[in-house]
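Engineer: mind looking at a prediction? Sequence and model below.
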Amino acid sequence: MSDKDDQKISLAGVELDEEKARELEEKFDSEIRFRTLGPAAGYLVGFLLVVLSIFHYYTAGFGLLQEMTHRGIHLSLVLALVFLVFPITKRGYDKPSDSTWLRPLGIPLYDWLLAIGAVVAVAHVPLIPLDDLAFRVGNPTQTDVILGVLLIVLLLDATRRSVGWPLSIISMLFMAYALFGQYMPSILVHPGNSVAQLVNHLYLTTQGIYGIALGVVATYVFHFVLFGVFATRIGLGQLFLDCAAWVAGRFAGGPAKVSIFGSALFGMISGSSVANTVTVGSLTIPAMIKLGYKRNFAAAVEAASSTGGQVTPPIMGAAAFLMIEFLQLPYTTIILAAIVPAFMHFFGVLMQVHFEAKRTGLRGLRPDEMPDVKEALKRDWPTIIPLIVLIGVLLSGYTPYLAAFWGITLCVVVGLLNPRRRMSLADIVIGLRDGAKYALAVGAAAATVGIVVGVVTLTGVGFKLSYIVTSTAAQLATMSGSIIPEMIFSPTTLTLLFTLIMTGVVCILMGCGIPTTANYIIMVTIAAPALVLLGVEPIVAHFFVFYYGLLADITPPVALAAYAAAGMAGADPFRTGNTAFRLGLGKALVPFVFVFSPSLLLVTRDFTVPDFLLAFFGCSFGIVCLGAALSRFMLVPTKAWENVLLVVAAFLMIAPEIYSTLLGVVLVIPVLLRHLASLRSQKMQPA
């Protein structure tokens, strides 16, 4: 046992420092890192953020406005704030400047003008009477075209400032395709469109900028993010961490497993990978390092675990709410479908952490190092009331935003009445301000993704790309069919398998540059139709691209969660990202399994209990095998030939054919026999 193992690693009595967590999140998450504002500008921006939160809170409880009006108010406030808080270049994050006529309140005059221009351009469409708008769609006026072009340009710049260049570049490429389609090769050719026609589709209809993506952020996502902020402030996150430490802390590598369970529970109210990382990691990363984990591994465990917040019911991430609109399914159906994938996500990380702890001989927490769960429940039980009510309202069939309204309301009530964590009026205002911060980047990104979606619906390029993908997969299947016996993989299965592989790779590559939500929308628009074309149920296709898009937050070179964790651990960011990606690979099998065995999602039309049990245990076994190979440890350290067998066995588990599953089991048997024999020989050796 090392000296580090003898040190006391206490999680008992250690509380979350919310102020420190917010500072860390603002430091590492570029989407909420604002320019340094002077006092006057800070008050103005804070006021506008609070107004944005109050608008959404009020409409959630007392009724949404007319569609275009609601989305217009949301987008106008979001874009105005983006230009006020995100500088035009990185140098703008420096200390605030003095107020001059060129820099009113310390903010450049051109940013004020851009903010005003964005408000005017956005507000123009909602202010057009519906009867007039119906006649102008297809025949836009010159004013419509000018303001539409202005909004598109400002939107691209706002997205560049808040989430980076990639999404803006992708949107510009799609617009170029819409304008110059007559010059495209082969199947991609189309007649092309004029600027007026493109602006008409993107600006005056709900097929573009004012489309589903913006609507979901304005009517669902904002409210649940606000609920998560208030739930954390009243102490629900602390209660979850205490419970996680009690459940998992005693086992090998205790703090790492606390990180996984804590991230799973905290993810229920967060939905943000970076927020999850810095909040839970502020306690677990130092404990993991103290226990003996390498810094980059400790940071990677927290990052890989925290990405699960976007798949953990009931809050999940923005993509879950988009599914409601795309699939026209109730939110309760999405929640049920997400249960098993969420479990598999954390189970995949847990297996690798367990094998790593066993391989390196790391201990668990002692009883005196863990919090008293009874005392925690006795102390913080009121904090769970808002979450219970929110889930109850959801399951009763009411709209998600009404459930969020009551959840937020009860968070405020509990905060005002709970003597242990009593909230003041100032705390409520800060909660409203912080909740709105998260809406800015995702709001701009959602509207920009509307450009991509609009081009797809205008040109029909989605079906063309689907045809290219499926035909390429069919050719690869034909080539592979001469090598792989049909009893293991049929031609149909091979075609679907290659389609899934290509789709998964594109999801990961896209995720390297754009946020998860934007990645999901683009892939659903372009790639999901290819899967549906091959007979995959729509909800399964959506979950596949959603799940692979999650790898974005732990995939270098743009791995926000991994980089945040690395900064907290003092580790190398790129090594941390690579390790986090490796930890996430254990769950990479899961989307393939629920495509071939849809019963895993619980809500598919062909669900049966036997199919579910076979898929569940087969997937679990495959995750264990892959995790053991990646960790180079199962019951004892593995040999190179065993790692190869374990990887092959894990991948064989994804196929629906019984022969491939049995072959996977057969491949693992010699590994298990060798490990059991090694364990017996170790026990027989004298101490």
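Structural biologist: Great, that's in hand.
Engineer: ok, the closest residue to D434 other than its chain neighbours - contacts?
Structural biologist: Nearest non-adjacent residue to D434, counting by C-beta to C-beta, 6 or more residues apart in numbering: V229, 5.2 Å away. (Glycine included, C-beta is placed from N, CA and C.) The contact partners of V229, by C-beta atoms under 8 Å, 6 or more residues apart in numbering, come to G431, D434, G435, Y438.
Engineer: PyMOL command for the buried members of the residues you listed?
Structural biologist: Remark: buried members of these, expressed as a PyMOL selection using 16 or more other C-beta atoms under 10 Å:
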select buried, resi 431+434+435+438
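Engineer: contacting residues for the residue lying closest to I484 once chain neighbours are set aside?
Structural biologist: Leaving aside its sequence neighbours, I484 sits nearest to L494 (C-beta to C-beta, 6+ apart; 7.0 Å). L494 sits next to L476, A477, S480, G481, I484 when contact means C-beta under 8 Å, 6+ apart.
Engineer: count of neighbours near the third one?
Structural biologist: Applying other C-beta atoms under 10 Å, we find 15 other residues in the vicinity of S480.
Engineer: tell me how far the nearest residue to it once chain neighbours are set aside lies from L476.
Structural biologist: Distances taken as C-beta to C-beta, 6+ apart put L494 closest to S480, at 5.7 Å, once the chain neighbours are dropped. Using C-beta to C-beta, to the nearest Å, L494 is found at 8 Å from L476.
Engineer: could you do V78 as well?
Structural biologist: In terms of C-beta to C-beta, V78 sits 43 Å off from L476.
Engineer: so for the two, which sits in the more crowded spot?
Structural biologist: V78 (28 against 17).
Engineer: what residues are up against the more buried one?
Structural biologist: Contacts of V78 by C-beta under 8 Å, 6+ apart are L52, A439, L440, G443, A444, A447.
Engineer: tell me which element it is part of?
Structural biologist: helix 67-85 (DSSP states H and E).
Engineer: repeat that for Y401.
Structural biologist: Going by DSSP H and E, Y401 is part of helix 400-417.
Engineer: return the set of buried residues in the helix holding V78.
Structural biologist: Result for helix 67-85 [16+ other C-beta under 10 Å]: buried residues 68, 70-85.
Engineer: hang on, the earlier thing: what residues of the helix holding Y401 count as buried?
Structural biologist: So helix 400-417, judged by 16+ other C-beta under 10 Å, has buried residues 400-412, 414-415.
Engineer: among these, which one lies nearest to F135?
Structural biologist: Y401 (32.0 Å; C-beta to C-beta).
Engineer: so that closest one touches V217, yeah?
Structural biologist: No: taking contacts as C-beta atoms under 8 Å, Y401 lies outside contact range of V217: 11.6 Å.
Engineer: any idea which element the residue nearest to S480 lies in?
Structural biologist: With DSSP H and E as the criterion, the answer for L494 is helix 491-511.
Engineer: rewinding a little: nearest to I539 among the contacts of V229?
Structural biologist: For the contacts of V229, the nearest to I539 is Y438 (26.5 Å; C-beta to C-beta).
Engineer: after the one helix or strand A447 maps to, which helix or strand is next? Please name it.
Structural biologist: Assigning secondary structure by DSSP H and E places A447 in helix 425-459. Using DSSP H and E, the helix or strand that follows helix 425-459 towards the C-terminus is helix 461-481.
Engineer: that next one to helix 491-511, inter-axis angle?
Structural biologist: With axes from the mean of the first three to the mean of the last three C-alpha atoms, to 10 degrees applied, the angle from helix 461-481 to helix 491-511 works out at 130 degrees.
Engineer: how far away is T333 from L395?
Structural biologist: On the measure of C-beta to C-beta, T333 and L395 end up 11 Å apart.
Engineer: between the two, which has more neighbouring residues?
Structural biologist: Just comparing T333 and L395: by other C-beta under 10 Å the higher neighbour count belongs to T333, 16 against 13.
Engineer: pretty sure that one sits against V603.
Structural biologist: Yes: shown here, T333 and V603 form a contact pair, counting by C-beta under 8 Å, at 5.2 Å.
Engineer: which residues do these two both contact?
Structural biologist: I539.
Engineer: output the below-cut-off pLDDT ranges for the stretch 401-550 of the chain.
Structural biologist: 486-489, 512-513 (pLDDT under 70).
Engineer: and if we set it to 50?
Structural biologist: Applying pLDDT under 50 to the stretch 401-550 of the chain flags no residue at all.
Engineer: then the chain?
Structural biologist: 1-5, 687.
Engineer: nearest residue to the middle of it?
Structural biologist: Q310 (4.2 Å; C-alpha atoms, centre = their mean).
Engineer: could you measure from that residue over to G262?
Structural biologist: Taking C-beta to C-beta, one finds Q310 at 16 Å from G262.
Engineer: just K378 next, same as before
Structural biologist: 20 Å.
Engineer: have a look at the two and say which one is more surrounded.
Structural biologist: Higher neighbour count among K378 and G262: G262, with 31 against 9, using other C-beta under 10 Å.
Engineer: need phi/psi at that one.
Structural biologist: Dihedral pair for G262: phi -60, psi -40, per degrees, to the nearest 10.
Engineer: and it, what does it touch?
Structural biologist: Each residue near G262 by C-beta under 8 Å, 6+ apart is listed here: F240, L241, A244, A245, V280, L283, T284, S305.
Engineer: rerun at 7 Å
Structural biologist: F240, L241, A244, V280, T284 (C-beta atoms under 7 Å, 6 or more residues apart in numbering).
Engineer: host element of the residue nearest to D434?
Structural biologist: Using DSSP H and E, V229 sits in helix 222-233.
Engineer: got it, and Y563?
Structural biologist: Going by DSSP H and E, Y563 is in helix 560-569.
Engineer: what's the spacing between that helix and its chain's center?
Structural biologist: The chain centroid and the centroid of helix 560-569 are separated by 16 Å under C-alpha atoms, centre = their mean, to the nearest Å.
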